[in-house]
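Q: A structural model of the following input is requested.
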Amino acid sequence: MSDENEFSQGDDFEKLLNSFINSKVDDLEEDDETAVTAPAEKPEEPALSPQGQTENDAASDAFEKELAETFEQARTVIEDEEKKPELRSEESELAQAYINYRGSIDKICAAKSIPSLNWDFEIDFLYPNYKPSIGHLLATDLVAGWNVLREIYPDSVGGFNVSATDEEFLNFAETLRDQDLQLAVISYVEILIDMESCELTYQAKLLKYQEKHIKRMLYEEYLERKERQKRFVEAVKKKNFPIDAERLVSNYFRVSQKDVDGAFKALTTNPAIFAPIEFAKIKPRFFGLVKVTPKDGIRVNIEIGKFMKKVKV
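A: All right, here's what the predicted structure looks like:
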């Protein structure tokens, strides 16, 4: 893309750029006038920067850099505006129905020489998506507009049952001769239909989000439980107890999901319930002179229970 095309992206940018250039040109003109009116002096050698640039060259480079930065900032703003997301089909239809409704009532009020409503809802409120709070605001305008129509047309609109079905509303609209009033009635029904559609879509998205949130919480809880389980296993292994540490901890965590208090009591009083004591790994006492007996298993079982009661991971 050429520079000319880039600088023509928008009026706001052109104004910004022209103002910037003009300010720089004014500064240069002031410098020129000062140079003309100043007394003539013996010309001096231009001062050089550490890189060998003259002061004029450095000023020129700074100006070009500042100009480039200004252009880039303006271009970014313009691109962000152009990237504004489009409304979904349901919200787009709702927006058009509201525009028709509001426009027709404004025209009716103007024709009757009476002030129209101070509308609260704006189409931009639908970005980035429909929300129930926005629906309440739109509904307020909808009811207020219908009340205006009832006051202007007490015989026709005033006598119509506002709780009628969509089909009855449309049949009523066909009996009207005023095109603006007819459009207002039809738009009223369309707004109700489109709001319901947007609300259903919103609720579906909300349920999907809640489901994902619950799954994420469960998964995070699972990872935390696995991490705690790993720390318990490491703590038991460091004590070199004659028991399968992984089996002990795994079975305890599995049971604790159903009965936390009961599982902890069993773990601290009789851990062998979750994993048997491995007698072959019990070291004989008195340098191997005393053989391992079932009492040693009971003793180890109690030691493991006391440790599991005090261990913190």
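
Q: touching, L181 and L149? I think so.
A: Yes - in this structure, L181 is within contact of L149 by CB atoms under 8 Å, at 7.0 Å. Any C-beta I mention is one placed from the backbone N, CA and C, and that applies to glycine too.

Q: which residues are in contact with each of the two?
A: I108, V157 (CB atoms under 8 Å, 6 or more residues apart in numbering).

Q: domain map for the protein?
A: 89-210, 239-310 (automatic domain parsing).

Q: the shortest one spans what distance, first to last residue?
A: With CA to CA, to the nearest Å as the measure, domain 239-310 spans 13 Å from end to end.

Q: cool, stretch 169-187 as well?
A: So stretch 169-187: terminal residues 10 Å apart, CA to CA.

Q: quick one: buried residues of it?
A: Buried residues in stretch 169-187, counted by 16 or more other CB atoms under 10 Å: F169, F172, A173, L176, D180, L181, Q182, L183, A184, V185, I186, S187.

Q: against which helices or strands is the host helix or strand of R225 packed?
A: Assessed by DSSP states H and E, R225 sits inside helix 179-238. With contacts defined as 3 or more CB pairs under 8 Å, 6 or more residues apart in numbering; DSSP states H and E, helix 179-238 has these neighbours: helix 89-111, helix 132-152, helix 166-174, helix 245-256, helix 294-310.

Q: tell me the angle the first one makes with helix 179-238.
A: To tie it back to what came earlier, the one meant is helix 89-111. On the basis of axes from the mean of the first three to the mean of the last three CA atoms, to 10 degrees, helix 89-111 is oriented at 150 degrees to helix 179-238.

Q: which strands or helices does helix 89-111 pack on?
A: helix 132-152, helix 179-238.

Q: just checking, what packs against the helix or strand harbouring T268?
A: Per DSSP H and E, T268 falls inside helix 260-269. Helices and strands touching helix 260-269, by 3+ CB pairs under 8 Å, 6+ apart, are helix 245-256, helix 294-310.

Q: M195 is nearest to which of those?
A: With CB to CB, the closest approach to M195 among the helices and strands packed on helix 260-269 belongs to helix 245-256: 49.0 Å.

Q: what angle do that closest one and helix 294-310 make?
A: Going by the same axes, to 10 degrees, helix 245-256 makes 60 degrees with helix 294-310.

Q: can I get helix 245-256 in CSV? Just the C-alpha atoms.
A: Extracted C-alpha coordinates of helix 245-256, given in CSV (Å, rounded to 0.1, in the frame of the first residue of the first chain):
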residue,chain,number,x,y,z
ALA,A,245,3.5,-46.7,50.8
GLU,A,246,1.7,-46.1,47.5
ARG,A,247,-0.9,-48.8,48.2
LEU,A,248,-1.4,-47.5,51.7
VAL,A,249,-2.0,-43.9,50.6
SER,A,250,-4.0,-44.7,47.5
ASN,A,251,-6.4,-46.9,49.4
TYR,A,252,-6.8,-44.3,52.2
PHE,A,253,-7.6,-41.5,49.7
ARG,A,254,-10.1,-43.7,47.9
VAL,A,255,-12.0,-44.6,51.1
SER,A,256,-11.8,-41.0,52.4
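
Q: buried ones in it, by neighbour count?
A: A245, L248, V249, S250, N251, Y252, F253, V255, S256.

Q: who's in contact with it?
A: Under CB under 8 Å, 6+ apart, the answer for helix 245-256 is 225, 229, 232-233, 236-237, 262-264, 266-267, 271, 274-275, 304.

Q: still on that earlier bit, a markdown table for the helices and strands packed on helix 260-269, including distance to I134 and mean pLDDT?
A: Shown next, in a markdown table, are the helices and strands packed on helix 260-269 (distance: least, CB to CB, whole Å; pLDDT from 0 to 100):
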| stretch | distance to I134 | mean pLDDT |
| --- | --- | --- |
| helix 245-256 | 46 | 93 |
| helix 294-310 | 56 | 90 |
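
Q: could I get those helices as JSON lines with distance to L87?
A: What follows is the helices and strands packed on helix 260-269, written out as JSON lines (distance: least, CB to CB, whole Å):
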{"stretch": "helix 245-256", "distance to L87": "50"}
{"stretch": "helix 294-310", "distance to L87": "60"}
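
Q: out of these, which gets nearest to P115?
A: Here helix 245-256 is closest among the helices and strands packed on helix 260-269 (CB to CB), at 70.4 Å.

Q: gap between the closest one and the chain center?
A: 40 Å (CA atoms, centre = their mean, to the nearest Å).
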